[in-house]
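Colleague: Here is my input; please provide its structure:
(chains A, B, C and D)
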Number of protein chains: 2
Amino acid sequence: MTIYDIARIAGVSASTVSRVVNNKPGIKEETRKQILALLEQYDYSPNETARGLVNKASRMIGILIADIRYAHHVDIAYYIEEEMGKHGYCSLILNTGLTDDKKVDAVKVLEQRRVDGVILVGSTFQCEAVKRALESGLSKVPVVITNGYLDLPNVKGVLVDEREGVEHCVEMLTAKGHEKLAFVLPNHTPSNLSKQQGFIQGMEKKGWKREGLWLYECPTTLEDGYAMMERILEEHPDVEGVIFGEDLSAVSAIRVLHDRKIQVPGQVAVMGVDNSKYCDICYPKLTSLNNRLLEMSLEAARILLDSLEGRENPDKIMLFSRIVEREST
Amino acid sequence: MTIYDIARIAGVSASTVSRVVNNKPGIKEETRKQILALLEQYDYSPNETARGLVNKASRMIGILIADIRYAHHVDIAYYIEEEMGKHGYCSLILNTGLTDDKKVDAVKVLEQRRVDGVILVGSTFQCEAVKRALESGLSKVPVVITNGYLDLPNVKGVLVDEREGVEHCVEMLTAKGHEKLAFVLPNHTPSNLSKQQGFIQGMEKKGWKREGLWLYECPTTLEDGYAMMERILEEHPDVEGVIFGEDLSAVSAIRVLHDRKIQVPGQVAVMGVDNSKYCDICYPKLTSLNNRLLEMSLEAARILLDSLEGRENPDKIMLFSRIVEREST
DNA sequence: TTGTATGCGTTATCAA
DNA sequence: TTGATAACGCATACAA
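Modeller: Residues are numbered from 1 along each chain as shown, chains lettered A, B, ... in the order given. Below you'll find the predicted structure:
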C-alpha cells in the first residue's frame, strides 16, 4: 500500500495523500477526512526508507558499544534507545569488541546506513583508528562519545572525572585504616588508564613511591578476577585493600576472600568501579565508584538530540563521580 | 559521493559504476580497475537507504525485547546481533516493556522501517495484541519467537520445555530431602506460567494437593525478591526449598537467608531459572535451571536467516532445559 | 562490454 | 486547495 494506491482509490493525487499523511496544511477538511479514513482502512504505513531517501535523513542513530553484555553498557544502551525512541529515532546498536578493525568496520556500517547521528559508548572509542574512520565517513553527522573525547569538529564528549574519583577512593580507604592498597587495571582504555592514574596520585599523596605501587592487570571476567585476587594475596599477604577498575572482577575477589575466611572489610577492603547491579548481588555487597553512567547516557542522548535539532552545546561536559559505600569497605 | 559522481569523473555511465560496486560480471577488467581506484580514492560508500528502496529489502531485522537490561535478555540480543551482523543484517533493537500497547507500537515501527525479518525475544510476545499487529503489518516477513509460539503462517517458534524442567527441579529437591517447597512466579508470561505449571505437577506427583501449594508472585527485582523471601519465611517458617521463576529475585532470597543465619542449602535450598551471570556472583552460588537461552537465540537467528534466504524449517523447535547445580541446593 | 531508461515510495517545488 | 513533475541514489531490463 503506497500513497499512489491510496490516491487512486480516493481519486486524488499522490501529493494530496502525502500532505494528509504528514499533517500539512492547505487541505480541504473534507478530503482530509476521506483520505484519513482510507489510510486507516487500508492500514497504510509510510515507507521510512523512501522518506529517508528524499529527506536525506534516516531518523536512525548508531550506538557503538564494545560489548553490550557488560552490565553498565547495557544500561547505557537501554536509556539511549529509550530516549531517542521517544523522539522518533531508531537505534542501530553495534557490538564492536575492542579491536580497532572491528570498530572501524562498525563505523563503515553506520556510514552506509546513513545514520543521522552516533553515540560512542565508552572511552575505548577514543582512539586514532576510530577518529580517522569518523573523519572519512561520518564527518557530517553529530557524534557524542561517552567517557571520552575526540578532537573533531562534529564530536562532543561527556566525561566523568574517574581519575579524581579513584583518588578519593584511596583517600577513603586510607582514612579507614586500609593503607596497603593494590589497584587492578581492566582493559587499556583511556578511562581505565585514568583510573589507574588516580590511584597512583592518591598513593603518592600518602607518601608512597610510584615504583613500589602494587599495580595489576586483569580482564573483565569472573574467572580472571578470582585468579587475580589469589595472586595478589600470594604476592602481598599483607594487602589491606584492593581497588578494581570495574565491578565484575571485584565481585570475584570478594569471593576469594570469603573462601579463605579473610574478613571483608575487616582485614581487606574491596572496591569496584561502575556501581553496577553486581554490587548488590555479591556478598558482602560491593562498595563502588559511581561513575554516573546513567546520567552520562542521558546527557549523551540529550546532546545528540540537541545537535540533531540544531541546538548548541559545549564540546565537553564533565560529570563528577562519587563513591557508593556498601559492605565491602 | 554517489555512483553518478564517480561515473562522471570516470567518464562512464552510472550503471557501469553500479556493476563494479556490486561485483557484477560483464565489465572490462581495465574499466573495473579504474573505477575501483576511483571508488577507493573518493571514499565511496553505497547508500543503503537507496539500495533498500530499489531492492525492496532493508537488510535490517527487528529484535523486540521487553527489557534488554535483564541479564538473560541481553545475552540473547548480543548473540542475535552478532550472528545477523555476520550475514550483513543490522539489528534494530526495541525495548517494548510488558504492556500490549507498547509492544504493538514497536511492531508498527518495524513495519515502517520495512525490516526484512523479526525476532521476538521471550514468551511475553506470545499474545493476541502482538499477533494482530503482526498480521496487519508484518505478515510478509519471517518472524521467529523465542520461548513461545504464535499460530501465524510466517511465524516460527523456538521453545524450551520449562514446564518439564521445573518439574525436574522439584524432583531433585525432594530427592535431596527438601520436601516443603514454595514457587515464586515472576510476570505472567506464558513461559513463567508454564514454569509454575511444572511446579504444580511435580508437587502433585509427590502427593501434595494443588490447593495447599505455596505459590507466590513477585516482580523481577532485587528489592521485591528480598521482601518475597521474608514473607515466605514468615508464612511458612518450615519451608525447605524455594524455586524462583528467574534468578534475580532468587539471588535476593539467598541474601535474606544468609542474613538470618539460615543455612543454604542445609535448611533451605534455593533455585532460580535462566542460569544467568547472577548465579555465579551471589553467595552461595545459585543453582539454576538452564533454559538454554543462548542456544535458543542462535537457533532463532539461524532460522530467521534460513527463512530470509529461502530455506525451509519446521514451525517449532524444542530445546530441553537442564539443571545447573551450584551451591544453593 | 557499456549506456539509456525506468522505477522503487516519498517529499517538495511550482503551477494551476 | 490540488496536481504534475522532479528529485533522492541505486539497480536492472533492455538496447546498442
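
Colleague: and the gap between the residue nearest the centre of chain A and DNA strand D?
Modeller: The centroid of chain A falls nearest to A:V121 when counting by Cα atoms, centre = their mean (3.4 Å). Relative to DNA strand D, A:V121 is positioned 28 Å away (Cβ to the nearest atom of the strand, to the nearest Å). Quick note: C-beta positions are derived from backbone N, CA and C, even for glycine.

Colleague: roughly how far apart are that residue and A:E111?
Modeller: 18 Å (Cβ to Cβ, to the nearest Å).

Colleague: now the strands: where do they sit in chain A?
Modeller: A:60-65, A:90-95, A:117-121, A:143-146, A:155-160, A:181-185, A:214-217, A:241-244, A:269-273, A:287-290, A:316-319, A:322-324 (DSSP state E).

Colleague: Which one, of those strands, ends up nearest to B:L319?
Modeller: Relative to B:L319, the nearest member of the strands of chain A by Cβ to Cβ is strand A:90-95, separated by 24.1 Å.

Colleague: tell me which strands and helices that closest one is in contact with?
Modeller: strand A:60-65, helix A:71-86, helix A:100-112, helix B:71-86, strand B:90-95 (3 or more Cβ pairs under 8 Å, 6 or more residues apart in numbering or on different chains; DSSP states H and E).

Colleague: hmm, who's touching the fourth one?
Modeller: So that's helix B:71-86. Helix B:71-86 has contacts (Cβ atoms under 8 Å, 6 or more residues apart in numbering or on different chains) with A:67-69, A:71, A:74, A:93-95, B:61, B:63, B:65-68, B:90-91, B:93, B:119, B:121-122, B:146, B:246-248, B:274, B:276-278, B:293-294, B:296-298, B:300-302, B:304-305.

Colleague: sorry, back to before: so what's the residue nearest to the centre of chain A up against?
Modeller: A:63-66, A:73, A:76-77, A:80, A:146-147, A:297.

Colleague: Let me know the closest of those to A:G212.
Modeller: Looking across those and measuring by Cβ to Cβ, the closest to A:G212 is A:N147, at 29.7 Å.

Colleague: mind checking pLDDT for the closest one?
Modeller: Here the pLDDT value assigned to A:N147 is 92.

Colleague: What of A:N291?
Modeller: 94.

Colleague: how close does it get to DNA strand D?
Modeller: 41 Å.

Colleague: what's the distance between that residue and A:K108?
Modeller: 30 Å.

Colleague: got the domain boundaries for chain A?
Modeller: A:3-46, A:58-161+A:293-321, A:162-290 (automatic domain parsing).

Colleague: Report whether the last one contacts chain B.
Modeller: Yes - contact check for domain A:162-290 against chain B, using Cβ under 8 Å from any Cβ of the partner chain: residues in range are A:222, A:251, A:255, A:258, A:277-278, A:280-283.

Colleague: how about the residues you listed, which pair is most distant?
Modeller: Applying Cβ to Cβ across those, the maximum distance is between A:H258 and A:K277, 19.5 Å.

Colleague: okay, the two: which has more neighbours?
Modeller: A:K277 (20 against 16; other Cβ atoms under 10 Å in any protein chain shown).

Colleague: how close does the more buried one sit to DNA strand D?
Modeller: 43 Å.

Colleague: residues contacting A:E295?
Modeller: A:L319.

Colleague: how about stretch A:198-217: buried residues?
Modeller: Neighbour-count burial for stretch A:198-217, counted by 16 or more other Cβ atoms under 10 Å in any protein chain shown, picks out A:198-200, A:202-203, A:208, A:214, A:216.

Colleague: the helices in the stretch 201-329 of chain A, which residues?
Modeller: A:222-235, A:247-259, A:278-281, A:293-308 (DSSP state H, counting those that start in this stretch).

Colleague: Pipe the ones you listed into CSV and attach distance to DNA strand C per row.
Modeller: CSV is the format used below for these (distance: least, Cβ to the nearest atom of the strand, whole Å):
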stretch, distance to DNA strand C
helix A:222-235, 50
helix A:247-259, 46
helix A:278-281, 46
helix A:293-308, 16
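
Colleague: Distance to B:L173 for these - can I get that in TSV?
Modeller: Below are the helices of the stretch 201-329 of chain A laid out as TSV (distance: least, Cβ to Cβ, whole Å):
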stretch	distance to B:L173
helix A:222-235	26
helix A:247-259	25
helix A:278-281	23
helix A:293-308	38
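
Colleague: mind checking which of these is nearest B:L233?
Modeller: helix A:278-281 (20.1 Å).

Colleague: what does the closest one contact?
Modeller: A:71, A:247-248, A:251, A:272, A:285-288, A:324, A:326, B:222, B:251, B:278, B:281-282.

Colleague: redo that, cut-off 6 Å
Modeller: Under the criterion Cβ atoms under 6 Å, 6 or more residues apart in numbering or on different chains, residues A:247-248, A:251, A:285-286, A:288, B:222, B:251, B:278, B:281-282 lie in contact with helix A:278-281.

Colleague: Also stretch A:311-328?
Modeller: A:156-162, A:165, A:264-265, A:270, A:275, A:284-292, A:295, A:299, A:303, A:306.

Colleague: same deal with stretch A:30-48?
Modeller: A:1, A:6, A:9-10, A:17, A:20-21, B:111-113, B:136.

Colleague: Looking at those residues, which is nearest A:H178?
Modeller: Of the contacts of stretch A:30-48, the one sitting nearest to A:H178 (Cβ to Cβ) turns out to be B:R113, at 53.4 Å.

Colleague: show me what contacts that closest one?
Modeller: A:E48.

Colleague: show me the contacts for the residue in the stretch 151-300 of chain A positioned nearest to chain B.
Modeller: Evaluated by Cβ to the nearest Cβ, the stretch 151-300 of chain A has A:Y283 as its residue closest to chain B, separated by 3.9 Å. Residues near A:Y283 by Cβ under 6 Å, 6+ apart: B:Y283.

Colleague: and it, how far is that from B:A37?
Modeller: For A:Y283 relative to B:A37 (Cβ to Cβ), the value is 62 Å.

Colleague: can you check A:R326 too?
Modeller: In terms of Cβ to Cβ, A:R326 sits 60 Å off from B:A37.

Colleague: The two: which is more packed in?
Modeller: A:R326 (18 against 11).

Colleague: What distance do you get for the more buried one to DNA strand C?
Modeller: 52 Å.

Colleague: In space, what's closest to that residue - neighbours in sequence excluded?
Modeller: Leaving aside its sequence neighbours, A:R326 sits nearest to A:K285 (Cβ to Cβ, 6 or more residues apart in numbering or on different chains; 3.8 Å).

Colleague: what residues are up against that neighbour?
Modeller: A:279, A:326-327.

Colleague: do A:S288 as well
Modeller: Contacts of A:S288 (Cβ under 6 Å, 6+ apart): A:247, A:272, A:275, A:279, A:324.

Colleague: Could you identify the pair within these that is furthest apart?
Modeller: Farthest pair in the contacts of A:S288, by Cβ to Cβ: A:D247 and A:V324, 10.9 Å.

Colleague: Make a markdown table from the strands of chain A and add distance to A:C127 to it.
Modeller: Converted to a markdown table, those look like this (distance: least, Cβ to Cβ, whole Å):
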| stretch | distance to A:C127 |
| --- | --- |
| strand A:60-65 | 12 |
| strand A:90-95 | 16 |
| strand A:117-121 | 10 |
| strand A:143-146 | 11 |
| strand A:155-160 | 13 |
| strand A:181-185 | 17 |
| strand A:214-217 | 18 |
| strand A:241-244 | 23 |
| strand A:269-273 | 21 |
| strand A:287-290 | 23 |
| strand A:316-319 | 18 |
| strand A:322-324 | 28 |
